[in-house]
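Visitor: Predicted model and sequence below, questions to follow.
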Amino acid sequence: MDSALALDDLTVLHAKLDRLTDLLEGQRRRQQELDELKRDLVPIANQMMQLTIEQLAEIDSEFQLEDLLHLLKRVLRNTRKLTTLMDRLDALMGIADEATLIGPQVFDQTVEALDRLERKGYFSLARQGGRIVDRVVTEFSEEDVRLLGDNIVLILNTVKDLTQPELLQFVRSTLLIAEQEIDRPIDASFGGLLRQARDPAVRRGLALTMRVLHVIGAQAGERDPSRAAPEAGSA
């Protein structure tokens, strides 16, 4: 009975010794790994320290520890602003990604629109407009352009009056009728002219022509300096 208990105690003792041996062996391996890591890191740390010393030596006269502390304080005080800035940067990056996706489509549509304008002749018209501007620049002086600017309202009103539908239709009808009548034989004899003069439409046309000539003559007389001089002398 005593021998059995002794055998059990020896078994337990051997088990404990085995665990202790394993723990010691694991500790030894970890220590060995740490020693190897130290041997690997020491040269790197020395090199980094030497590089740091060299870099700090270059800015020794400009860098102060107080500056670094001041910078850290500002960063800590503006943490919310920095967070907001980072959020905005994230939003901008998202917009940039979307623009990258949309960009090729927009570029293709722009190219198609420009090609359509080119086929319709817009660019050719623009080139001709540039030539017209060149002619205006070369043919008109600065004084001419100034006078044009002073009278641009009168010119536009005149163009507006000339582009009235009734007036344009009247001019068009007159030109068409004149084109049709120009090849027909004309009786220019005195009797033929008298017969035409009995036509009410001819008499009305002559009356209107005389009225227009009267208006033109009156306006020309107002601008004729040769008429104004005698009147001034007589006065």
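Guide: Done, it's in.

Visitor: from here on, contacts and neighbour counts on C-alpha atoms
Guide: OK.

Visitor: What count of nearby residues applies to V136?
Guide: 13 (other C-alpha atoms under 10 Å).

Visitor: could you measure it against R39, distance?
Guide: 86 Å (C-alpha to C-alpha, to the nearest Å).

Visitor: now L23
Guide: In terms of C-alpha to C-alpha, L23 sits 24 Å off from R39.

Visitor: cool, Q55 as well?
Guide: 25 Å.

Visitor: what's the answer for Q105, then?
Guide: 59 Å.

Visitor: same thing with L101?
Guide: 52 Å.

Visitor: Same check on L20?
Guide: On the measure of C-alpha to C-alpha, L20 and R39 end up 28 Å apart.

Visitor: how far is stretch 36-50 from where the chain is centred?
Guide: How far stretch 36-50 lies from its chain's middle: 56 Å, per C-alpha atoms, centre = their mean, to the nearest Å.

Visitor: nope, stretch 20-31 is what I was after
Guide: For stretch 20-31, the distance to the chain centre is 73 Å (C-alpha atoms, centre = their mean).

Visitor: Check stretch 184-201 too.
Guide: 68 Å.

Visitor: got the end-to-end distance for it?
Guide: 18 Å.

Visitor: I'd like to know how many residues surround K73.
Guide: Neighbours around K73, by other C-alpha under 10 Å: 12.

Visitor: Look up how far D67 lies from it.
Guide: For K73, the distance to D67 - C-alpha to C-alpha - is 10 Å.

Visitor: Same check on N157?
Guide: From N157 to D67 the distance is 73 Å (C-alpha to C-alpha).

Visitor: again, but for P104
Guide: For P104 relative to D67 (C-alpha to C-alpha), the value is 48 Å.

Visitor: Could you do G191 as well?
Guide: Where D67 is concerned, G191 sits at a distance of 116 Å (C-alpha to C-alpha).

Visitor: Also L213?
Guide: 94 Å.

Visitor: Ok, H214 next?
Guide: 95 Å.

Visitor: got it, and I53?
Guide: 18 Å.

Visitor: What is the distance between the longest helix along the chain and the centre of its chain?
Guide: Using DSSP state H to define each element, the chain has its longest helix at helix 2-58. Its chain's C-alpha centre and that of helix 2-58 lie 68 Å apart, by C-alpha atoms, centre = their mean.

Visitor: Next: stretch 147-162.
Guide: 34 Å.

Visitor: Show residues contacting that stretch.
Guide: Applying C-alpha atoms under 8 Å, 6 or more residues apart in numbering, the external contacts of stretch 147-162 come out as L168.

Visitor: let's see it at 10 Å
Guide: 140-146, 163, 167-168, 171 (C-alpha atoms under 10 Å, 6 or more residues apart in numbering).
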